[in-house]
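Undergrad: when you get a sec, could you give me coordinates for this:
(3 chains)
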Amino acid sequence: MELAKPGGEGTGATPALVWLWQDLRLTDQPALAAAAASGRPLVVAFVLDDSAPGAWALGGASRWWLHGSLDALRRDLAARGAALILRRGNLRHEILRLAAESGAGEIHCGEPLEPWLRGITDGLASELGALGVVLHRHNTRLLFDPTMLRTQAGGAFGVFTPFSRACHAIGVADAPIAAPTRLCGAKPLASDDLADWGLRPEQPDWAGGLRETWQPGEAGATLRLGEFLAGALAVYDRARDIPGHASTSMLSPHLHWGEISPRRVWLAAARAAPVGGKSPLGFLNELLWREFSAYLLWHHPHLPERPLRTEFAAMPWRNDPAGLVAWQRGETGIPIVDAGMRQLWRCGWMHNRVRMITASFLVKHLLIPWQQGEAWFWDTLVDADLAANAANWQWVAGSGADAAPYFRIFNPVLQGRKFDPDGAYVRRFVPELAQLPAAFLHAPWEAPLAMLKAAGVALGATYPTPIVDLASGRARALAAFRNLPRPTA
DNA sequence: TGAAATGTTGGGGCG
DNA sequence: ACGCCCCAACATTTC
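TA: As a prediction, the model looks like this:
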């Protein structure tokens, strides 16, 4: 936490620059709070760099979300007396230019987590420092500073359970910082018009399902948190695996863009512990999985591109463009997989249980490289997050530090029957199967022909036959994984 | 945060 | 009454 600088006479005209990234909020925003506490007038800016070297360019769903989030933030800032300055271009160049144009005496930003952004920010810190401008980096995105968490031996955690124990031992004590009621905006600098950034799709406009599902921005995040606390949190451990129920928090995209701080979510959930005094450990641990992903990315910068376990270089992945497209479109012929992929396409989001099922199917039954699934999720998820996406795909593929064992291959039929027993989820997203009885919904190829006919299903015509036989796909994956060389570590 | 194959047990039908 | 077989149901191990 930065100490407040004495405001007043001499400093009044020299602004502080707040450089935003994935911390688009006013409440519990340490960078904004520190800048405001400096007593200087504020310049609040967001820079979009579409071609930063080494960066993962924002996916389509992320761009849609970002538009809404920036638009909401612009209004929230304006209501408190500050403008949001938008710039697009080379990030380093634009920050230096903003500093020069504003004559900022200090700059505050969130601690960057993405490797490419860390490099740029490090460079900026020294360049600005040479100009006499201090770049203050605040923890705006995580509950726990990744550099503070170490094993007993002093190394980085590689396994979730001890990591989470360390987090629970430290605890989350600080009360969130209240949103400033009034900001002292500096003389506004030139800003791009958000509409000119073209972040929203036009031809075609595929965002209808996203608009129905989400309200980007801090107010939308607060609403979602309130609904979750009042409803599903109490039954979270029991219901969160049922994709047909609205029993998860759906906070992931809000957390990704920092529209709500993980500290605020943690404290609210911990306080709202259900009657009986039981703390909502299951949900808090999901927040810690998010932390663990960021932690892994911090300590393994190549996590999004390369398997953590080097023996996976020898994996005989298949090149299967047709299989990949069928998976992307939700036309694999496996109902629970297709339902998940279609939910993703329509809503920009997929239930966590189904993410595991669809990912396992791609990586194991189809033996397609996890990076291809990662790239698709990156483009289509509104909560696409470099760390979480990479860590979770590596977890499924078995190539991560604390990964699912190679032999854990989800049978999508059994998973469907277990977690979507009445078929509500499949019926919603695969309507061409909706008339099938639950007993056959998850494996329509096993249904008697007369039953298919009565339900209006013609396999191979109205709905695909499976693109891979589940038993032989499983056997092929087991053989490939079993034949990997012994771990070198 | 599995699934499938294999092994074990115990109830009931039956000669 | 007894042994035998079948086969759920459950437990263990293997991938």
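
Undergrad: what segments of the stretch 1-150 of chain A are helices?
TA: Using DSSP state H, counting those that start in this stretch, the helices of the stretch 1-150 of chain A run over A:30-37, A:60-79, A:91-102, A:115-130.

Undergrad: quickly list what the nearest residue to residue A:77 once chain neighbours are set aside is bridged to.
TA: Distances taken as C-beta to C-beta, 6 or more residues apart in numbering place residue A:84 nearest to residue A:77, at 5.1 Å, with adjacent residues excluded. Every C-beta, even on glycine, is put in place using the N, C-alpha and C of the backbone. On the basis of DSSP bridges, residue A:84 is bridged to residue A:44.

Undergrad: which residues touch residue A:84?
TA: Shown in contact with residue A:84 (C-beta atoms under 8 Å, 6 or more residues apart in numbering): A:44-46, A:70, A:73-74, A:77-78, A:191.

Undergrad: which of these come close to DNA strand C?
TA: By C-beta under 7 Å from any atom of the strand, no member of the contacts of residue A:84 lies near DNA strand C.

Undergrad: who wins for most neighbours among those?
TA: Of all those, residue A:44 has the most neighbours under the rule other C-beta atoms under 10 Å, reaching 26 neighbours.

Undergrad: quick one, what contacts it?
TA: Neighbouring residues of residue A:44 by C-beta under 8 Å, 6+ apart: A:17-18, A:20, A:32, A:77, A:82-85, A:185.

Undergrad: try 10 Å
TA: With C-beta atoms under 10 Å, 6 or more residues apart in numbering as the criterion, the residues that contact residue A:44 are A:15-20, A:26, A:31-32, A:35, A:73-74, A:77, A:82-85, A:108, A:183, A:185-186, A:188.

Undergrad: just the buried residues of those residues.
TA: Neighbour counting over the contacts of residue A:44 (16 or more other C-beta atoms under 10 Å) leaves A:15-20, A:26, A:31-32, A:35, A:73-74, A:77, A:82-85, A:108, A:183, A:185-186 as the buried ones.

Undergrad: just to revisit the earlier point, so can I have a markdown table of the helices of the stretch 1-150 of chain A showing distance to residue A:245 and mean pLDDT?
TA: Formatted as a markdown table, the helices of the stretch 1-150 of chain A follow (distance: least, C-beta to C-beta, whole Å; pLDDT from 0 to 100):
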| stretch | distance to residue A:245 | mean pLDDT |
| --- | --- | --- |
| helix A:30-37 | 36 | 98 |
| helix A:60-79 | 23 | 98 |
| helix A:91-102 | 41 | 98 |
| helix A:115-130 | 37 | 98 |
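
Undergrad: format those as TSV; extra columns: distance to residue A:444.
TA: Output for these, formatted as TSV (distance: least, C-beta to C-beta, whole Å):
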stretch	distance to residue A:444
helix A:30-37	53
helix A:60-79	30
helix A:91-102	50
helix A:115-130	45
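
Undergrad: quick one: closest of those to residue A:242.
TA: Residue A:242 lies closest, by C-beta to C-beta, to one member of these: helix A:60-79, at 24.1 Å.

Undergrad: starting at the chain centroid, how far to that closest one?
TA: From the chain centre to the centre of helix A:60-79 is a distance of 17 Å (C-alpha atoms, centre = their mean, to the nearest Å).

Undergrad: ditto for stretch A:399-411
TA: So, by C-alpha atoms, centre = their mean, the centroid of stretch A:399-411 is 21 Å from its chain's centroid.

Undergrad: check whether that stretch contacts DNA strand C.
TA: Yes: in terms of C-beta under 7 Å from any atom of the strand, part of stretch A:399-411 sits within range of DNA strand C, namely residue A:407.

Undergrad: in that stretch, what's buried?
TA: A:399-404, A:406, A:409-411.

Undergrad: which residues sit in contact with residue A:423?
TA: Contacts of residue A:423 (C-beta under 10 Å, 6+ apart): A:244, A:335-336, A:339, A:416-417, A:430, A:433-434, A:436-442.

Undergrad: lowest pLDDT pick from the residues you listed?
TA: Ranked by pLDDT, the contacts of residue A:423 bottom out at residue A:439 (90).

Undergrad: tell me which helix or strand that one sits in.
TA: Following DSSP states H and E, one finds residue A:439 within helix A:438-441.

Undergrad: in that helix, what's buried?
TA: Buried-residue list, helix A:438-441, by 16+ other C-beta under 10 Å: A:440-441.

Undergrad: so, low pLDDT: which residues of the stretch 301-450 of chain A?
TA: Within the stretch 301-450 of chain A, no stretch has pLDDT under 70.

Undergrad: ok and the residue in it nearest DNA strand C?
TA: Per C-beta to the nearest atom of the strand, residue A:407 is where the stretch 301-450 of chain A lies closest to DNA strand C, at 3.8 Å.

Undergrad: OK, contacts around the residue nearest to that residue when sequence neighbours are not counted?
TA: Using C-beta to C-beta, 6+ apart and skipping residues adjacent in sequence, the residue nearest residue A:407 is residue A:478, 6.4 Å away. Residue A:478 makes contacts with A:364, A:406-407, A:409, as judged by C-beta under 10 Å, 6+ apart.

Undergrad: biggest separation within those residues, which pair?
TA: A:364 and A:407 (9.6 Å).

Undergrad: related to what we said a few turns ago, so which strand or helix has the residue nearest to residue A:407?
TA: Per DSSP H and E, residue A:478 falls inside helix A:470-482.

Undergrad: if we can go back for a sec, so what sits against both of residue A:364 and residue A:407?
TA: A:398, A:474, A:477-478, A:481.

Undergrad: can I get the residues you listed in TSV with distance to DNA strand C?
TA: Output for the shared contacts of residue A:364 and residue A:407, formatted as TSV (distance: C-beta to the nearest atom of the strand, whole Å):
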residue	distance to DNA strand C
A:398	13
A:474	9
A:477	9
A:478	4
A:481	8
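
Undergrad: any of the residues you listed buried? List them.
TA: Buried members of the shared contacts of residue A:364 and residue A:407, scored by 16+ other C-beta under 10 Å, are A:398, A:474, A:477, A:481.

Undergrad: around DNA strand B, pick out the residues from chain A.
TA: A:160, A:289, A:352-353, A:356, A:404, A:407-411, A:414-415, A:418, A:470-471, A:474.

Undergrad: so what's the residue count around residue A:293?
TA: As a burial measure, residue A:293 scores 24 neighbours (other C-beta under 10 Å).

Undergrad: measure it to DNA strand B for me?
TA: Between residue A:293 and DNA strand B the distance is 10 Å, computed by C-beta to the nearest atom of the strand, to the nearest Å.

Undergrad: any idea which helix or strand carries that residue?
TA: Per DSSP H and E: helix A:281-299 holds residue A:293.

Undergrad: cool, and residue A:253?
TA: Short version, using DSSP H and E: residue A:253 is in helix A:252-256.
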